[in-house]
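Student: Fold the following.
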Amino acid sequence: MADGKPAIFSIPVHRAFADALVAGIVDRHADGALGLAKGVVLLPSNRARSAVQAAFVRAGGAGLLMPRFAVIGDADLDESVALALDAIDDDPLPPAIDPLRRHLLLAELIERHTPAGEAPIEGAAAFLLAEGLARVIDQLRYEEVRVAALVDLDLGAFAEHWQASLGRLRLLVDHWPAVLARTGAIDRAERRNRLLDRVAAGWRAAPPERFVVAAGITTAAPAIARLLRAVADMERGMVVLPGVDCGMAAAEWDALGPTRPDPEAARRPLETHPQYHLKLLLDRMGVSRDEVREWSADSPFDGPAARAPFLSLLFAPADYTAQWQAAGDLSAATAGISGAVFADDGQEAQGIALLLREAIETPGRTAALVTPDRGLAERVAAALARWGVSVDDSAGQPLARTPPGALLLLLARLAADFDPVALVALLGHPLVRKGEGRTAWLDQVRRLDLTLREPGLTPGWDGVSARIAARAADPKARGHGRATELQPWWAALSAALGEALAAFSAPAPPATLLSALQKGVEWLTGDAVWAGPAGRMLAELFDQWALARGDGPALIDPADFPEMLEQLLAKASVRPPYGGHPRLFIWGLLEARLQRADLMILGGLDEGRWPAATQPDPWLAPGIRRLLGLPAPERQQGMAAHDFASALGGREIVVTRAQRSGGDPAVASRFWLRLAALAGDLPEPAPGGLALTRLAAELDAPAQPVTPVGRPAPKPPAADRPRKISVTGVDKLARDPFAFYADRMLGLSPLDPLSAAPDPRWRGTRVHKLFEDWVRGGATRPGFEAELAALRGDPALDAIARAFWLPRIEPALRWAAGQLWDSEGRTPLAVEAQGEIVVDGVTLYGKADRLDRDAEGRLAIVDYKSGGAPSAKAASDKLDNQLGLLGLIASEGGMVGIDAAPVAALEYWSLRPDRRAGGAGKISNTYGSRSTLKSAEQAIDHAADALSELAAHYLLGDAPFMPGEGAGYGDYDQLMRRDEWFGRGEES
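Tutor: Sure, this is the predicted structure:
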């Protein structure tokens, strides 16, 4: 205190806070070698402490003894505050309850106590809601609002669901105090308030002789405001605030609104303004803005002095933005500010990485990216890695996205709901069998991957075991050798994980499920999962849960547990050890407070990223929050605005945004729009003399123009071409010769998807099997019902197929069976009938789904289609020759066990349900009155001509296998580089 006034200072926004603070402290208190060591500096967070420590190192060099630091911010309050007290406290405060244990206890309360007339909330739902309830407790404690006030509110004007929500909040009044008392702990926010009040009371009673500086603290909680006022009133105490706008007109300052809750007030406070929380803090300290003095120290990182009034003008309340028109020349204020708008967030990351890479070319120059978008931060770090530059992201990474956290979530999801994709991802995780033996392990994982890539897999561990056993037992089965090698490895793996994860078979306490996951990950990785910063944090989480054993919801559905676990892991942030480039930084908004670099890049200035979208409170409506005197959710946007203004005060600034983010159009941030409206078009950075956006877009483009390739035309020698072709191969050759070439001559085939869900191929195969088994069994009515029952009970059908596909296909199946029963004089001769003949030196082979004989001894060929059937026009154009060629084989006696006979019918039985026909299918022919082919005989001759022509060109001749222009997109588009030539014409 000086001259009877509280010692409250502000460092203008254009000055680098940490360095200016240190310069002022050194000037005032560096009395000899030990002068600074006698003082205490109170700071808002551990990150702020690191920034101020670094500033002291820059200011004093080697041999400087720093003052003691105590953190009193919301998130990082700890016992370091006790350093401010000289005497050991004889009456220690109760400990703060562990956050995880509180979370579990609140979830248990939500589950147990349901208001009359409301549905119960249980298990994972209760756990997820408990996080919001914990925030309500903290906010009530921070703002020193009585919990009992929750039951005193008049909610007649609010919707019923908010009244019901408040009814559930009664548990905080009726039950939570007793539950908390049984733990012997108190809420963390209450403990903070008691501790700060104890420090403030002690200093008022006996002010310390050493100097005390409270710096950078902007939290307006009443307990912090009382402590700061006590510091400001001490003889050697000072409060130093960041960026109080002392130049703002009094009318504008008053327009920020009332700082005391008044639900009846006609005007709401402007909590989104960057100065509102500072005004609130000063009011709670009992200090007017006129009593705040400017801190008389500067630093090498300061921006131009004209920047501070510019930022005040930039964030003027809406009613006062008319003064922008009279702002005059702003060139001095905007000097050093540039901006870049990129096409997408990928190019934004590339451009920022280029600026950071250029910055380190200048010796001693520092550069920092400031962004709340962790995805952008990760992309920038990855882009820098291409030049071998490592950069530390001081905001860290959510534990859920680290290797140990991702492994645990993979195992939890697999245990809750078996999925082949999750299984292969889990077994191939980098931490699994890390070290010696991993190569052999991955060989088995690849064998498993290929084995699971065929449709029809029965879901679950037993389904995988059954498939492997079936392949290993059948020497003729596809992948027999692979399954034989896989079988003992899979048996050991499934036994170990099955035993470890047995608890996931039924609802269980959360601690039991977590213990099962611990056994599973340790069997897979040993101790590797607990190594490193992320592993140690994961181990701490397990320890905390072990200490809270018995707390929380009684039973959790295993299907809900992965979501619970992900919520916990996402809240924990892993900060890697320092080791990146010493002059490059990536800071989140919290890390950027009080810090500054030579070049400040403010990235991700899109609405929803900076500022972040307001998250709704599931417990308290905005109106209820106002009644209680709690801060509106929008206050966080005001804090984000203050962070933006503070960062924009630097000497050299680049602001960036993307027109598209995550593939979707992005809207410019409100901060960007204000800056563009006031400052006009900002110059674009031009490293190396080229526009940054152009460099980012062209960074990965080839240096020389690229000439697209032409349509491929492989032309192997005639002697090397196949002399044997299937009836379906003829159609592929007709439609897309290149696909035939890739299949038959290169020996390629697409991999089946890695999924247990029935796909169209499996459904078609299963329908064919139903008719095959039924006809072989005599095609009786009871036999058909038995086959339908077997289809309904097929374990390979998932819930979606049972709910949607099965009810739609069943009427079509019954229709097909009825067609056979009702046909007069037509008898099935064979199913899956195979045959082959030689035509012009080429062996033609094929298989008919069903072969019938009519009353006149003629043959009919039937092909089932689970989807639509090919058109008669396709047959006329020689693109659909399958039935005609099967007819050719049958008519010439090529079918095994069936004598030659005329073919009277070529039929596609489409099982695509027709709603207009009650779900029935449809029989179509490759010929008819509207086609150029009038009979089965003509269709057979036409298909034989097509075979002769194709064989002469492609099998016996030397015609190139060029992709078909009208073939559509297929399996080999990448191989043929389709996008380079398609639609460009033959000349390309």
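
Student: what about whichever helix or strand Glu836 is part of, average pLDDT?
Tutor: In the assignment (DSSP states H and E), Glu836 maps to strand 827-839. In this model, strand 827-839 has an average pLDDT of 93.

Student: Can you name every helix or strand that it contacts?
Tutor: helix 760-776, strand 842-853, helix 882-891, helix 936-950 (3 or more CB pairs under 8 Å, 6 or more residues apart in numbering; DSSP states H and E). Where C-beta positions appear, they are placed from N, C-alpha and C, glycine not excepted.

Student: again, only this time at 6 Å
Tutor: helix 760-776, strand 842-853 (3 or more CB pairs under 6 Å, 6 or more residues apart in numbering; DSSP states H and E).

Student: Buried residues in the longest one, which are they?
Tutor: Within helix 760-776, the residues that qualify as buried are Trp762, Arg763, Gly764, Arg766, Val767, His768, Lys769, Leu770, Phe771, Glu772, Trp774, Val775, counting by 16 or more other CB atoms under 10 Å.

Student: How about stretch 619-639?
Tutor: 619-621, 624-628, 630-639.

Student: Among the residues you listed, which ones are in helices?
Tutor: Judged by DSSP state H, the buried residues of stretch 619-639 include Ile624, Arg625, Arg626, Leu627, Leu628, Arg635, Gln636, Gln637, Gly638, Met639 as members of helices.

Student: Can you tell me how far the third one is from Pro430?
Tutor: When distance is defined by CB to CB, to the nearest Å, Arg626 is 50 Å away from Pro430.

Student: Sticking with the residue located most distally from the centre of the chain, tell me its helix or strand.
Tutor: Here the centre of the chain is the reference, and by CA atoms, centre = their mean the most remote residue is Glu856, at 66.3 Å. If you go by DSSP H and E, Glu856 is not part of any helix or strand.

Student: do the same with Ala333
Tutor: helix 331-334.

Student: Name the surrounding residues that touch that helix.
Tutor: Residues outside helix 331-334 that contact it (CB atoms under 6 Å, 6 or more residues apart in numbering): Ala306, Arg307, Phe310, Ala679.

Student: What is the nearest of these to Leu21?
Tutor: Of all those, the one with the least separation from Leu21 (CB to CB) is Arg307, at 18.3 Å.

Student: Nearest residue to the closest one in space, please, no chain neighbours.
Tutor: What sits nearest to Arg307 in space, not counting adjacent residues and going by CB to CB, 6 or more residues apart in numbering, is His14, at 4.1 Å.

Student: Make sure the one you found is actually in contact with Phe301.
Tutor: No - counting by CB atoms under 6 Å, His14 sits too far from Phe301 to count as a contact (10.1 Å).

Student: The two: who's more crowded?
Tutor: Neighbour tally, His14 and Phe301, criterion other CB atoms under 10 Å: the higher count belongs to His14, 25 against 22.

Student: which stretches of the stretch 551-700 of the chain have low pLDDT?
Tutor: Applying pLDDT under 70 to the stretch 551-700 of the chain flags no residue at all.

Student: Poorly predicted segments of the stretch 201-350 of the chain, please.
Tutor: For the stretch 201-350 of the chain, the ranges with pLDDT under 70 are 259-267.

Student: Please, where are all the helices along it?
Tutor: Secondary structure of the stretch 201-350 of the chain, counting by DSSP state H, counting those that start in this stretch: helices at 222-233, 250-255, 276-285, 307-314, 331-334, 345-359.

Student: Mean neighbour count for those - can I get that in CSV?
Tutor: Below are these laid out as CSV (neighbours: other CB atoms under 10 Å):
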stretch, mean neighbour count
helix 222-233, 23
helix 250-255, 14
helix 276-285, 22
helix 307-314, 22
helix 331-334, 16
helix 345-359, 24
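
Student: can you redo those as a markdown table with distance to Ser726?
Tutor: As requested, these are exported to a markdown table (distance: least, CB to CB, whole Å):
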| stretch | distance to Ser726 |
| --- | --- |
| helix 222-233 | 80 |
| helix 250-255 | 82 |
| helix 276-285 | 75 |
| helix 307-314 | 73 |
| helix 331-334 | 73 |
| helix 345-359 | 45 |
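
Student: Ok, which of the ones you listed comes nearest Arg379?
Tutor: Going by CB to CB, the one of the helices of the stretch 201-350 of the chain nearest Arg379 is helix 345-359, 3.5 Å.

Student: can you pull the contacts of Glu190?
Tutor: Counting by CB under 6 Å, 6+ apart, Glu190 has contacts Arg141.

Student: Wasn't it part of a helix?
Tutor: Yes - under DSSP: H, G, I helix; E, B strand; the rest coil, Glu190 falls within a helix.

Student: which parts of stretch 197-214 are buried?
Tutor: For stretch 197-214, by 16+ other CB under 10 Å, it's Arg198, Val199, Ala200, Gly202, Trp203, Pro207, Pro208, Arg210, Phe211, Val212, Val213, Ala214.

Student: Give me the contact list for that stretch.
Tutor: 29, 38-42, 84-85, 223, 226-228, 230-231, 234, 236-239.

Student: gap between the two ends of it?
Tutor: Taking CA to CA, to the nearest Å, stretch 197-214 runs 15 Å from one end to the other.

Student: What of stretch 178-188?
Tutor: 16 Å.

Student: and the strand holding Glu836, how far from the chain's centre?
Tutor: Averaged C-alpha coordinates place strand 827-839 at 53 Å from its chain's average position (CA atoms, centre = their mean, to the nearest Å).

Student: List the buried residues in it.
Tutor: In strand 827-839, counting by 16+ other CB under 10 Å, buried: Pro828, Leu829, Ala830, Val831, Ala833, Gly835, Glu836, Ile837, Val839.

Student: Val775 is in contact with the first one, correct?
Tutor: Think Pro828. Yes - here Pro828 reaches Val775: they are 5.2 Å apart, a contact under CB under 6 Å.

Student: for stretch 946-961, the distance to its chain's centre please.
Tutor: Worked out by CA atoms, centre = their mean, stretch 946-961 lies 51 Å from the chain centre.

Student: Pull out the buried residues from that stretch.
Tutor: Quick answer for stretch 946-961 (16+ other CB under 10 Å): Ala946, Leu947, Leu950, Ala951, Tyr954, Leu955, Leu956, Ala959, Phe961.

Student: end to end, how far does it reach?
Tutor: 16 Å.

Student: Begin at 30 from now on, thanks
Tutor: Got it, the first residue is 30 from now on, which makes the last one we talked about stretch 975-990.

Student: what distance separates the helix or strand harbouring Ala155 from the centre of its chain?
Tutor: Element membership for Ala155, per DSSP H and E: helix 152-171. Relative to its parent chain, helix 152-171 has a centroid offset of 24 Å by CA atoms, centre = their mean.

Student: Between helix 251-262 and it, find me the angle.
Tutor: For helix 152-171 against helix 251-262, the angle by axes from the mean of the first three to the mean of the last three CA atoms, to 10 degrees is 30 degrees.

Student: And the contacts of helix 152-171?
Tutor: 132, 135-136, 139-140, 176, 216, 218-219, 250, 582, 585-586, 589, 592-593, 647-648, 659.

Student: Could you do stretch 750-761 as well?
Tutor: Contacts of stretch 750-761 (CB under 6 Å, 6+ apart): 768-769, 773, 871-872, 874-875, 910-911, 914-915, 976, 984.

Student: and the helix or strand containing Val70, which strands flank it?
Tutor: Here Val70 is covered by strand 69-72, with elements defined by DSSP H and E. Note on strand 69-72: by DSSP bridges, its sheet partners are strand 97-100 (parallel), strand 241-244 (parallel).

Student: Fine, thanks again, bye for now.
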